[in-house]
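J.: let me see the structure of the following:
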Amino acid sequence: MGRIADMRGKHPLATGILAGTAVGACVGILFAPRRGSETRKRVGEGVNSGYRRAKGSVGEWAKSGQGAYKSTRDKVVKGAKGTTQYVREVADAVSRKAHRQGDAALRRMSSASSPGAIGQQPRKAI
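T.: Prediction:
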């Protein structure tokens with residue numbers, strides 16, 4: 001009962017709609033022109049029919065969701081592969097440049113340490 005009291009303060013419209021629905025259903029069943037067994041049978045059929053429709057809709061939504069998931073997954077995988085390839089290419093380019101610069105520095109150092117190179121300025125690498 002505490003939950004209902006809490007709900008009244010927060011959602012008065014929802015509480016009123018639920019209470020009105022419950023009271024209306026009870027009054028309708030009490031004053032129905034059909035016997036109770038017949039009324040229960042019709043209510044059960046209506047519930048089953050509603051359940052089948054809801055189940056069908058949920059199944060369609062699930063299939064649609066699976067399709068969206070697969071499509072998104074494929075795009076993410078494709079993007080990840082493209083990013084991996086790009087990172088490899090950049091890393092290779094950086095490595096090649098570092099090797100070229102290191103080789104050039106070694107050449108400058110070896111030419112500066114040769115006996116005839118004293119007093120000469122090292123040439124700049126292009």
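
J.: dump the C-alpha coordinates for stretch 58-65 into PDB.
T.: Extracted in PDB, the C-alpha atoms of stretch 58-65 (Å, rounded to 0.1, in the frame of the first residue of the first chain):
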ATOM      1  CA  VAL A  58       7.500  -8.100 -30.700                       C
ATOM      2  CA  GLY A  59       8.800 -10.700 -33.100                       C
ATOM      3  CA  GLU A  60       8.800  -8.200 -36.000                       C
ATOM      4  CA  TRP A  61      10.600  -5.700 -33.800                       C
ATOM      5  CA  ALA A  62      13.200  -8.300 -32.800                       C
ATOM      6  CA  LYS A  63      13.900  -9.200 -36.400                       C
ATOM      7  CA  SER A  64      14.200  -5.500 -37.300                       C
ATOM      8  CA  GLY A  65      16.600  -5.000 -34.300                       C
END
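
J.: next one: that stretch to chain centre, how far?
T.: Stretch 58-65 sits 17 Å away from the centroid of its parent chain (Cα atoms, centre = their mean, to the nearest Å).

J.: name the residues of it that are buried.
T.: Residues of stretch 58-65 include none that count as buried (16 or more other Cβ atoms under 10 Å). Quick note: C-beta positions are derived from backbone N, CA and C, even for glycine.

J.: please work out the average pLDDT along it.
T.: Averaged across stretch 58-65, pLDDT comes to 89.

J.: check stretch 111-126 too.
T.: Stretch 111-126 comes out at a mean pLDDT of 60.

J.: now stretch 76-93
T.: Throughout stretch 76-93, pLDDT has a mean value of 95.

J.: residues in contact with it: which ones?
T.: Stretch 76-93 is contacted by no other residue when judged by Cβ atoms under 8 Å, 6 or more residues apart in numbering.

J.: show me where this protein has its strands.
T.: Here the chain has no strands by DSSP state E.

J.: all helices in it, in order from the N-terminus.
T.: Shown for the chain, the helices assigned by DSSP state H span residues 2-10, 12-30, 36-112.

J.: and the last one, how far from the chain's centre?
T.: Put plainly, it is helix 36-112. That offset, for helix 36-112, works out to 8 Å (Cα atoms, centre = their mean).
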